[in-house]
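K.L.:
structure for this input, please:
(one chain, ligands or ions: 1)
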Amino acid sequence: MVKQLREVGVKAGKDTSVALLAWYDANARVMPWRVSPQDRAAGVRPDPYRIWLSEVMLQQTTVAAVTGYFQRFVSRWPTVMVLADADDGDVMGEWAGLGYYARARNLLKCARVVSGAYDGQFPDTYGQLLGLPGIGPYTAAAIAAIAFDHPETVVDGNVERVMARLFNISEPLPAVKPALKTKAASLTPKTRPGDYAQAVMDLGATVCTVHKPACGRCPLGDGCAARCAGTAMDLPRRVAKKPKPTRHGFVYLAQGTAGGWVLERRPDKGLLGGMLGWPTSEWNESPRDTPPFPADWVTLPEQVRHTFTHFHLFLTVRFAVLSKIPPSATFTLTRKHQFRPSDLPTVMRKAYDLWHAS
Ligand code: SF4
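P.N.:
Numbering: from 1, shown residues only. Coordinates of the predicted model:
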């Protein structure tokens with residue numbers, strides 16, 4: 001097979017897509033939202049709802065991390081109409097741990113627009129998709145290509161890496177992104193563009209990997225400029241990132257005498273927006289210890305460490321048992337049997353785990 005593909009070679013855009021599609025037919029990754037190339041050839045069409053849901057979940061997140069969440073979501077909310085009717089708290093709880101919680105809020109907004117304005121049918125053009133909540137240029141292109149087989153150019157980190165190497169482009173990211181997209185567009189075929197988009201991503205994820213490009217078994221090896229130049233391992237280049245700042249804070253775990261917990265729903269805007277969590281202090285360089293109400297607060301000896309996209313966080317965990325929860329519009333007492341640590345975002349769950357292990 002490899003020899004056969006090598007003979008196809010990569011001399012021009014068409015050759016690239018022919019070689020890559022042939023490779024994809026034999027090597028496509030299996031994913032619960034994906035239609036295999038064989039089924040696609042037999043006329044099976046991808047479900048736009050599943051493609052949209054998977055693409056939103058995959059933003060900033062790996063396939064391995066997404067798969068379980070995806071399966072739980074489609075089993076609980078099998079169509080966009082059902083999801084549109086879901087309770088916000090249930091969706092946020094099911095999303096807990098996946099991170100980037102604005103995605104979950106936009107997911108619901110988008111489901112409600114598709115359900116209301118489009119009668120439950122996703123629009124199929126890039127422009128219309130781009131107008132939906134939470135759908136940016138990448139996701140619109142991915143849905144248009146994968147769900148509707150439109151020849152859109154889909155460029156994620158895997159595709160950028162493959163393009164940088166294929167064309168031996170040494171200018172660093174992120175400034176070189178538009179040039180990489182132009183190269184990717186020059187190779188996008190009119191035939192099977194949906195499969196092609198997935199093929200490039202699969203190649204980047206399984207063959208042209210960050211640390212170990214397997215050029216010897218790559219279907220594009222003969223025409224790859226970086227392979228010829230011996231520069232594959234150095235590409236793509238990146239401007240060095242600034243080190244992340246570190247913030248500190250306090251997190252307050254208050255338990256009622258019957259075993260329930262005091263939680264609060266965070267404001268819709270901001271970090272962990274809309275998620276249920278423990279009351280906390282501000283998070284900054286030198287936060288003040290500001291418990292949400294008076295109690296005999298005990299400090300746990302260890303801290304929670306968590307890294308967000310833009311900063312590292314160290315949280316001091318404080319715990320108290322309350323005989324009475326002070327009346328408040330902000331806090332809710334979750335009964336012991338209703339409390340599920342898995343409904344908490346990861347940083348909040350870490351605080352619970354620390355308390356649980358103490
Ligand atoms: Fe990547 Fe090597 Fe294939 Fe070039 S030949 S695309 S560097 S795996």
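
K.L.:
sec struct for L263, please.
P.N.:
strand (DSSP: H, G, I helix; E, B strand; the rest coil).

K.L.:
cool, and the one 4 residues further on?
P.N.:
Secondary structure, three-state DSSP: P267 is coil.

K.L.:
quick one: E302 is in a helix?
P.N.:
No - according to three-state DSSP, E302 belongs to no helix; its state is strand.

K.L.:
domain map for the chain?
P.N.:
2-234, 246-357 (automatic domain parsing).

K.L.:
now do the end-to-end distance for the last one.
P.N.:
According to Cα to Cα, to the nearest Å, domain 246-357 extends 25 Å from its N-terminal end residue to its C-terminal end residue.

K.L.:
ok so, going back, now the domains of the chain in JSON lines, with mean neighbour count?
P.N.:
All C-beta atoms are positioned from the backbone trio N, CA, C, and that covers glycine. Putting the domains of the chain into JSON lines (neighbours: other Cβ atoms under 10 Å) gives the following:
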{"stretch": "domain 2-234", "mean neighbour count": "18"}
{"stretch": "domain 246-357", "mean neighbour count": "16"}
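
K.L.:
what's the closest of the ones you listed to the ligand?
P.N.:
With Cβ to the nearest ligand atom as the measure, domain 2-234 is the member of those nearest the ligand (3.0 Å).

K.L.:
gap between the closest one and the chain center?
P.N.:
12 Å (Cα atoms, centre = their mean, to the nearest Å).

K.L.:
export the domains of the chain to JSON lines and tack on distance to A240 and mean pLDDT?
P.N.:
Output for these, formatted as JSON lines (distance: least, Cβ to Cβ, whole Å; pLDDT from 0 to 100):
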{"stretch": "domain 2-234", "distance to A240": "9", "mean pLDDT": "93"}
{"stretch": "domain 246-357", "distance to A240": "16", "mean pLDDT": "92"}
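
K.L.:
helix, strand, or coil at M57?
P.N.:
helix.

K.L.:
residues touching it, list them.
P.N.:
By Cβ atoms under 8 Å, 6 or more residues apart in numbering, M57 lies in contact with 66, 69-70, 73, 98, 103.

K.L.:
now with 10 Å, please.
P.N.:
33, 63, 65-67, 69-70, 73, 95, 98, 100, 103-104, 107 (Cβ atoms under 10 Å, 6 or more residues apart in numbering).

K.L.:
repeat that for T332.
P.N.:
260-265, 276, 325.

K.L.:
which of the residues you listed sits closest to R318?
P.N.:
Nearest to R318 among those: V262, at 12.2 Å, using Cβ to Cβ.

K.L.:
so what's the closest one bridging to?
P.N.:
L333 (DSSP bridges).

K.L.:
OK, contacts around it?
P.N.:
252-256, 278-279, 292-293, 295, 320, 322, 325-326, 328, 330-334.

K.L.:
filter those down to the ones close to the ligand.
P.N.:
Applying Cβ under 6 Å from any ligand atom, the subset of these adjacent to the ligand is empty.

K.L.:
for the helix or strand hosting A145, name the packing helices and strands.
P.N.:
According to DSSP states H and E, A145 maps onto helix 137-148. Contacts defined by 3 or more Cβ pairs under 10 Å, 6 or more residues apart in numbering; DSSP states H and E place helix 137-148 against helix 48-58, helix 126-130, helix 193-206.

K.L.:
what's the following helix or strand after that helix?
P.N.:
Following helix 137-148 toward the C-terminus (DSSP H and E): helix 157-166.

K.L.:
and the angle for that next one with helix 193-206?
P.N.:
80 degrees (axes from the mean of the first three to the mean of the last three Cα atoms, to 10 degrees).

K.L.:
next SSE downstream of helix 157-166?
P.N.:
Following helix 157-166 in sequence, per DSSP H and E, is helix 177-187.

K.L.:
for that following helix, give me every contacting residue.
P.N.:
With Cβ under 10 Å, 6+ apart as the test, helix 177-187 has contacts from 10, 12-17, 20, 137, 141, 151-155, 159-164, 166-167, 169, 171, 173-174, 176, 196-197, 200, 220, 236.

K.L.:
and those residues near the ligand, which?
P.N.:
162, 166, 220.

K.L.:
the second one - nearest residue in space that isn't next to it in sequence?
P.N.:
Pointing back at L166 there. C224 (5.4 Å; Cβ to Cβ, 6 or more residues apart in numbering).
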